[in-house]
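Trainee: next one to model:
(one chain, ligands or ions: 2)
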Amino acid sequence: MRVLGVETSCDETAVAIVEAPAEGGPGGTILANVVYSQLTEHRRFGGVVPEIAARAHLERIDGLVMDALAEARLGLADLDGIAATGGPGLIGGVLVGVMTAKALAFAHDKPFLAINHLEGHALSVRLTEDVDFPYLLLLVSGGHCQLLTVRGPGDFTRLGTTIDDAVGECFDKTAKLLGLGFPGGPAVEAAAKGGDPQRFALPRPMWRKPGCDFSFSGLKTAVRQTVEKLPAQDAQAVADLCASFQRTVGDVLADRCANALSLAPSPTLVVAGGVAANIYLRGRLETLAAAHGARLVAPPIKLCTDNGAMIAWAGIERLRLGKTDGLDFRPRPRWPLDPSTAVRV
Ligand code: KG4
Ligand code: ZN
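Mentor: Ligands and ions are numbered 1, 2, ... in the order given. Below is the predicted model:
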């Protein structure tokens, strides 16, 4: 079974083709994986500009589909389905991806699969790692921070979420305040390498509170106040603050995951989403999981941030179950994984 996946919900235009046995289970082969990162378009604004993103997706998407097919040495007739991120995300970009995938599916008479971007992240670990359902998932990205039990495609129970900012957003803000550039996560991680993680005591919102919810706005404010007091041109102070910030985030994530593992015991803790690319945080979660008799599993670093392979893989998991979508599917700017939580954040 071969599925082409299109991802356009934020600032990466990405297309991939993934192959896997039709009968089910983890493990797939990435036949092509092409990404056009719009970093240079957005860098001078210090963040993603939705209108610019939508136009850039439109300019690139057809060429990237052709590139992916060429890389995989396949034609559209060789595919079993066409998947695209159907939301949540910046709606202009999602429209570009969905319309492209629908047109390909219609013209070549293939099933169309609308993938929830968060489900793409949530299932991505099974593309490369031997992980069976159910598992506990910490989903940490630029727009989300959630703990969920994952039972299968479209079958999620949310245990907790952030009541304000996402953790990736907090990394991006910290980098911006320190002039480290965009996106902030990799920049903060690199700067933290030579830093003292104990130098700055920052608040740990929700730490040791019951439940599995998160909060990051107080930490963001504390970082801003600390940056304002830092001596100018002090590279060591910047490194120390990044290391202290990262440790604080690690404390909070570990504490919340500990509660989740107690409330919904699982032999496997999965971390996914852009922030899962952070080696320090992976280490902290590995220690935490081991203390609870569980193992931490994460996708390879380059499949943590947005990519088409995770959308193609989620497409395979859905196609196996016959969960295809009609060409009347409407892109969804908001789309919770656990519908019972739709009235909340
Ligand atoms: O999953 P993703 O690519 O896009 C969303 O769906 O949001 O996540 C992007 C986020 C950004 O906030 C970025 O700064 C963060 O993931 N990120 C990292 C690292 N690499 C990317 N955060 C911490 N450490 C990293 N190495
Ligand atoms: Zn994402």
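
Trainee: the closest residue to ligand 1 within the stretch 201-345 of the chain and F214: what is the separation?
Mentor: Nearest residue of the stretch 201-345 of the chain to ligand 1, counting by Cβ to the nearest ligand atom: G274, 2.1 Å away. The C-beta positions use only the backbone N, C-alpha and C, and glycine is treated the same way. Using Cβ to Cβ, to the nearest Å, G274 is found at 16 Å from F214.

Trainee: which SS class is V271?
Mentor: For V271, the secondary-structure state derived from DSSP: H, G, I helix; E, B strand; the rest coil is strand.

Trainee: check the one 10 residues further on too.
Mentor: Reduced to three states with three-state DSSP, the structure at L281 is helix.

Trainee: backbone torsions only: list them for the nearest residue to it once chain neighbours are set aside.
Mentor: Using Cβ to Cβ, 6 or more residues apart in numbering and skipping the chain neighbours, the partner closest in space to L281 is G250 (5.6 Å). When read as degrees, to the nearest 10, the backbone of G250 gives phi -60, psi -40.

Trainee: so G250 touches R282, yeah?
Mentor: No. Applying Cβ atoms under 8 Å as the test, G250 and R282 come out as separate, 9.8 Å apart.

Trainee: contacts only, for the closest residue to ligand 1 within the stretch 101-250 of the chain.
Mentor: Distance from ligand 1 to each residue of the stretch 101-250 of the chain (Cβ to the nearest ligand atom) is smallest for G185, at 2.0 Å. By Cβ atoms under 8 Å, 6 or more residues apart in numbering, G185 lies in contact with 168, 171-172, 175, 274-275, 277-278.

Trainee: quick check: K220 touching A166?
Mentor: No. Checked against Cβ under 8 Å, the pair K220 and A166 is beyond contact range at 10.7 Å.

Trainee: ok, these two, which is more surrounded?
Mentor: Shown here are K220 and A166; by other Cβ atoms under 10 Å, A166 has more neighbours (23 against 20).

Trainee: any idea how far that one lies from ligand 2?
Mentor: Separation of A166 from ligand 2 (Cβ to the ion, to the nearest Å): 10 Å.

Trainee: next, the distance between the ends of stretch 41-57.
Mentor: One end of stretch 41-57 to the other measures 11 Å (Cα to Cα, to the nearest Å).

Trainee: contacts for stretch 195-208 next, please.
Mentor: 213-219, 222-223, 226, 236, 238-248, 251-252, 255-256.

Trainee: and R334, how many neighbours?
Mentor: When neighbours are defined as other Cβ under 10 Å, R334 has 9 of them.

Trainee: helix or strand for it, just tell me which one.
Mentor: Secondary structure assignment for R334, by DSSP states H and E: no helix or strand.

Trainee: please list the residues of the protein that sit near ligand 1.
Mentor: 10, 141-143, 168-169, 171-172, 183-186, 189, 273-275, 277-278, 305-306 (Cβ under 6 Å from any ligand atom).

Trainee: what about 8 Å?
Mentor: 9-10, 12, 89, 117-118, 121, 140-144, 166-169, 171-172, 175, 183-186, 188-189, 273-275, 277-279, 281, 301, 304-306 (Cβ under 8 Å from any ligand atom).

Trainee: so which of those residues belong to strands?
Mentor: Among these, DSSP state E puts 12, 140 in strands.

Trainee: next step: the residues of the chain next to ligand 1 restricted to helices.
Mentor: 117-118, 121, 167-169, 171-172, 175, 184-186, 188-189, 279, 281 (DSSP state H).

Trainee: which of those residues are buried?
Mentor: 117-118, 121, 167-169, 171-172, 175, 184-186, 188-189, 281 (16 or more other Cβ atoms under 10 Å).

Trainee: which residue ranges of the stretch 101-250 of the chain form helices?
Mentor: 117-128, 167-177, 184-192, 217-229, 235-263 (DSSP state H, counting those that start in this stretch).

Trainee: what's in contact with the lowest-mean-pLDDT helix or strand in the chain?
Mentor: Ranked by mean pLDDT, DSSP states H and E, the helix or strand of the chain with the weakest confidence is helix 39-43, at a mean of 87. Here helix 39-43 makes contact (Cβ under 8 Å, 6+ apart) with 11, 48-49, 52-53, 56, 181-183.

Trainee: what parts of this protein come near ligand 2?
Mentor: Residues of the chain lying near ligand 2 by Cβ under 5 Å from the ion: 141, 306.

Trainee: below-threshold pLDDT in the chain: ranges please.
Mentor: 342-345 (pLDDT under 70).

Trainee: which residue is nearest the centroid of it?
Mentor: G273 (2.6 Å; Cα atoms, centre = their mean).

Trainee: give me phi/psi at it?
Mentor: phi 100, psi 160.

Trainee: 479 is where my numbering starts, stick with that
Mentor: All set: I'll call the first residue 479, so the last point we hit is now G751.

Trainee: how about it, nearest residue that isn't a chain neighbour?
Mentor: S619 (3.5 Å).

Trainee: what number of residues lie near the one you found?
Mentor: 24.
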